[in-house]
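In: Please find the sequence and the predicted model below.
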Amino acid sequence: NKYKVAVVGATGAVGEVMLSILAERKFPISELVALASERSAGSHIDFGDDEVLVQDLANFDPSSVDIALFSAGGATSKEYAPKFAAAGAVVIDNSSTFRYDDDVPLVVSEVNPDAAKNRPRGIIANPNCSTMQLMPVLAPIHREYGIERVNVATYQSVSGGGRSAMEELGRQTAELLSFQDIEPKKFPVQIAFNLIPHIDEFQPNGYTKEEMKLVWETQKILGDSTIQVNPTAVRVPVFFGHSEAVNIETKHKITVEQARALLGKAAGVEVVDEHKAGGYPTPVTHASGKDPVFVGRIREDFSHPRGLNLWVVADNIRKGAALNAVQIAELLVAEGLPPKATGG
Ligand code: A2P
């Protein structure tokens, strides 16, 4: 079977990587449709060795699309994802628009792939990048030792904010190094040479929405609403790769050796944990441009009888967004989703 695949937001930071991962993993495609706003319609973008024309989403007829990967912001998903689904496409949506709806599965390919089969609205949600990279690490620990509580501080790169956020870090860095004044646009305050403990909107409880996503999504993906999650989400002046300082409290004690053994065989996880300079993952040295979630600094928490510390790093654009979306599409292929056009 070959599929007509649409990438909505194809010119964006995530969309561009969706195209390259589809090509790299030789996804069975009969036709690739690149969609974006009227701003970039008419331009061409790379798809493997080919170039494809970017078309205007607003004027596109989705009736022949089999699978649509959406990463063009929440408002675009809200308006167009139901239209694509009504036209019979399976939508894999990277925005937060549908993630918390009971009739929309929220899927991390290594963790809860079966959830993707039950999609009454024809929409499958791709988790937020910070939750995504935590799940392949926490799921095996939760299954064997039972996680009661997660304390997590994130160190999130600017690429999670899209192309304009990356441009702002680059521009501010250059301006500050040449003694010019900077003017924050995309971020609320200066991001170059700074840290910002504010991602997405503040909620009535004082947490930000980015932080609450970690709570809601962890519980939904692990299928356990009793897991307590206490997050602090911070934007850092790194281009690619999110890092997370994670402390978990388990029902049953897990030792460092047990954690290393478990994570050493966990799908999509790579342990990098040597007690020497550089013997731990960082966004630049390990994660950027790579598929796995890297885990290091594994320590038993000496302040708690059943506590464990972890340092978790992944490429937020790849595993955190584009790669997992493509992996969900691969689940559809494995399930034998019938393409609309035969013989493609
Ligand atoms: P465009 O390049 O035409 O603006 P990023 O997350 O890097 O900012 O990228 C956002 C992506 O979503 C881009 O591909 C952008 O296309 C696309 N996009 C944003 N708004 C719309 C819209 N209203 N309709 C279609 N695509 C949109």
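Out: Thanks, I have the structure now.
In: State the pLDDT value of residue 66.
Out: According to the prediction, residue 66 has pLDDT 98.
In: who does the closest residue to it other than its chain neighbours bridge with?
Out: Once flanking residues are discounted, residue 66 sits nearest to residue 3: 4.1 Å by Cβ to Cβ, 6 or more residues apart in numbering. The way it works is simple: take the backbone N, C-alpha and C, and place the C-beta from them, glycine included. Beta-bridge pairing for residue 3 (DSSP bridges): residue 29.
In: ok, residue 3 to the ligand distance?
Out: 21 Å (Cβ to the nearest ligand atom, to the nearest Å).
In: Now the element after the host helix or strand of residue 32, going C-ward?
Out: Taking DSSP states H and E as the definition, residue 32 sits inside strand 29-36. Going down the chain from strand 29-36, the next helix or strand is strand 44-47, by DSSP H and E.
In: hang on, the earlier thing: who are the packing partners of the strand holding residue 32?
Out: Strand 29-36 is packed against strand 3-8, helix 13-24, strand 44-47, strand 50-56, with contacts defined by 3 or more Cβ pairs under 8 Å, 6 or more residues apart in numbering; DSSP states H and E.
In: buried sites along the longest one?
Out: I take that to be helix 13-24. 13-23 (16 or more other Cβ atoms under 10 Å).
In: what does the shortest one give?
Out: Applying a neighbour-count criterion of 16+ other Cβ under 10 Å, one finds 45, 47 buried in strand 44-47.
In: One more: stretch 314-333?
Out: 314-332.
In: Report the rounded mean pLDDT for that stretch.
Out: Rounded mean pLDDT across stretch 314-333 is 98.
In: Now do that stretch: distance to the chain's middle.
Out: Centroid separation for stretch 314-333 versus its chain: 7 Å, with Cα atoms, centre = their mean, to the nearest Å.
In: again with stretch 72-91
Out: Worked out by Cα atoms, centre = their mean, stretch 72-91 lies 18 Å from the chain centre.
In: quick one: that stretch near the ligand?
Out: Yes: in terms of Cβ under 6 Å from any ligand atom, part of stretch 72-91 sits within range of the ligand, namely 72-73, 76.
In: Only the buried residues of that stretch, if you could.
Out: 72-73, 76-77, 80-82, 84-85, 87, 89-91.
In: Over to stretch 191-210?
Out: 191-192, 196, 199, 207-208, 210.
In: Mind putting those into a markdown table with distance to residue 115, secondary structure and pLDDT?
Out: Shown next, in a markdown table, are the buried residues of stretch 191-210 (distance: Cβ to Cβ, whole Å; DSSP: H, G, I helix; E, B strand; the rest coil; pLDDT from 0 to 100):
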| residue | distance to residue 115 | secondary structure | pLDDT |
| --- | --- | --- | --- |
| 191 | 35 | coil | 98 |
| 192 | 40 | coil | 98 |
| 196 | 33 | strand | 98 |
| 199 | 26 | coil | 98 |
| 207 | 26 | coil | 99 |
| 208 | 26 | strand | 98 |
| 210 | 23 | helix | 98 |
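In: ok, of those, which one's closest to the ligand?
Out: Nearest to the ligand among the buried residues of stretch 191-210 is residue 199, at 14.3 Å by Cβ to the nearest ligand atom.
In: Surely the closest one and residue 213 touch.
Out: No: taking Cβ atoms under 8 Å as the definition, residue 199 is not a contact partner of residue 213, at 9.3 Å.
In: List phi and psi for the nearest residue to residue 122 once chain neighbours are set aside.
Out: Using Cβ to Cβ, 6+ apart and skipping residues adjacent in sequence, the residue nearest residue 122 is residue 85, 3.4 Å away. In terms of degrees, to the nearest 10, the main-chain angles of residue 85 are phi -70, psi -40.
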